[in-house]
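Participant: Give me a model of this one.
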Amino acid sequence: MIIKDEFLGRLRKIFDLNLYEAKVWTALLSRGVSTAGELSNISDVPRSRTYDILESLEKKGFIVMKIGKPIQFVALKPEEVVERVKRNLVVDAQEKSKRLDQLKNDDVLGELGTLFTNGIKFVEPSDLSGSLRGRQNMYNHLDMMLRSAEKNVTIVTTADGLNRKFEALMPAFEKAKKRGVNIRIAAPITEENKKIAKDMSKVATVKDSSGSGLNGRFAIIDSNQLMLMLLDDKTVHPNYDIGVWLSTGFLAESLEQMFDVSWKEFGSISGKK
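Facilitator: Numbers count the residues shown, from 1 in each chain. Take a look at the predicted model:
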């Protein structure tokens, strides 16, 4: 049985399978019912590994073991596999989330916190920096920065970026506002994001940067922490987006001062300055 590597790669990514699992599964799909020995021959997977692979696929809900001698395995409809995988992912995520919630009151977290606190004492503030790859990682880090904000937050983003931040960061914005944090957001306001801008104005001062010439993506927290997005979100895939996080009061304050000049000239979301 010849299955293109590209197709196997897609299956591995979509269903979170290793190469042997993808090969054995597609081999069984091509037969409907088969034994481990037959599947080993068809898929070119070593026989010593085939039983382990089949057991793994059974646990994940891809196949069913047929009772009898010799032991055979039955393929399930791909549509049924998708539903089973979805259900398993939800259950697994709930269990992991529950364990992480329980960790809040566990000694392990306290010990980890002590390690971090002791280690951070020897780090210069200017050394607290790093690169962030992938938009989800960037938003996770920005969420952390927002949760630590005490005084002010300044965000410059794109029209699409405003929509994304509403979806991903609104709870963090709401909590920051309740703490008394002053939040300013500048973005081009369009017909597509006008409603989002008005909704966000409940927790932040939102202004229209259209026509200002300001075409950046960055966030400043408490005039000390800075996140710079390096690429144009219109041309880069979310998985390849890149950001830089810096803990530098000097650069953050300088950028904020330049932003303050433009902020006065930005239009309100109602169209007035």
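Participant: can you count the residues close to the closest residue to residue 151 other than its chain neighbours?
Facilitator: Among residues not flanking residue 151 along the chain, residue 222 sits closest, at 5.1 Å (C-beta to C-beta, 6 or more residues apart in numbering). Using the backbone N, CA and C atoms, a C-beta is placed for each residue, glycine as well. The number of residues packed near residue 222 is 16, by other C-beta atoms under 10 Å.
Participant: What residues of the host helix or strand of residue 64 count as buried?
Facilitator: If you go by DSSP states H and E, residue 64 is part of strand 63-66. Across strand 63-66, burial judged by 16 or more other C-beta atoms under 10 Å covers residue 63.
Participant: State the paired neighbours of that strand in the sheet, together with their directions.
Facilitator: Strand 63-66 pairs in its sheet with strand 72-75 (antiparallel), by DSSP bridges.
Participant: what's the helix or strand just after the strand it pairs with packed up against?
Facilitator: The helix or strand immediately downstream of strand 72-75 is helix 78-103, counting by DSSP H and E. Packing partners of helix 78-103 (3 or more C-beta pairs under 8 Å, 6 or more residues apart in numbering; DSSP states H and E): helix 47-60.
Participant: Show residues contacting the helix it packs on.
Facilitator: The contact list for helix 47-60 (C-beta atoms under 8 Å, 6 or more residues apart in numbering) reads 20-21, 24-25, 36-37, 39-40, 43, 45, 63-65, 73, 84-85, 88.
Participant: Now with 10 Å, please.
Facilitator: Residues outside helix 47-60 that contact it (C-beta atoms under 10 Å, 6 or more residues apart in numbering): 15-25, 27-28, 34-41, 43, 45-46, 62-65, 71, 73, 75-76, 81, 84-85, 88.
Participant: Please give the centre-to-centre distance between that helix and its chain.
Facilitator: 30 Å (C-alpha atoms, centre = their mean, to the nearest Å).
Participant: Go through that helix and flag the buried ones.
Facilitator: 50, 53, 54, 56, 57, 60.
Participant: now it and helix 78-103, what's the angle there?
Facilitator: 80 degrees (axes from the mean of the first three to the mean of the last three C-alpha atoms, to 10 degrees).
Participant: Rounded mean pLDDT for helix 47-60, please.
Facilitator: If you average the pLDDT over helix 47-60, you get 91.
Participant: show me where the chain has helices.
Facilitator: Counting by DSSP state H, the chain has helices at residues 5-15, 19-31, 36-43, 47-60, 78-103, 107-120, 135-148, 159-178, 194-200, 249-263.
Participant: and the ones you listed, which is most packed in?
Facilitator: helix 19-31 (a mean of 21; mean count of other C-beta atoms under 10 Å).
Participant: Quick one: mean pLDDT over it.
Facilitator: 92.
Participant: helices or strands up against it?
Facilitator: Using 3 or more C-beta pairs under 10 Å, 6 or more residues apart in numbering; DSSP states H and E, the elements in contact with helix 19-31 are helix 5-15, strand 33-35, helix 36-43, helix 47-60, strand 63-66, strand 72-75, helix 78-103.
Participant: 6 Å instead, please
Facilitator: helix 5-15, helix 36-43, helix 47-60, strand 72-75 (3 or more C-beta pairs under 6 Å, 6 or more residues apart in numbering; DSSP states H and E).
Participant: any weak-confidence spans in the protein?
Facilitator: Scanning the chain for pLDDT under 70 picks out 1-2, 115-129, 270-273.
Participant: make it 50
Facilitator: 123, 125, 271-273 (pLDDT under 50).
Participant: rewinding a little: turn the buried residues of helix 47-60 into a markdown table, columns for distance to residue 183.
Facilitator: Formatted as a markdown table, the buried residues of helix 47-60 follow (distance: C-beta to C-beta, whole Å):
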| residue | distance to residue 183 |
| --- | --- |
| 50 | 57 |
| 53 | 51 |
| 54 | 54 |
| 56 | 48 |
| 57 | 49 |
| 60 | 44 |
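Participant: what's the closest of those residues to residue 155?
Facilitator: Nearest to residue 155 among those is residue 60, at 41.1 Å by C-beta to C-beta.
Participant: wait, what's in contact with the residue nearest to residue 151?
Facilitator: Shown in contact with residue 222 (C-beta atoms under 6 Å, 6 or more residues apart in numbering): 149, 150, 151.
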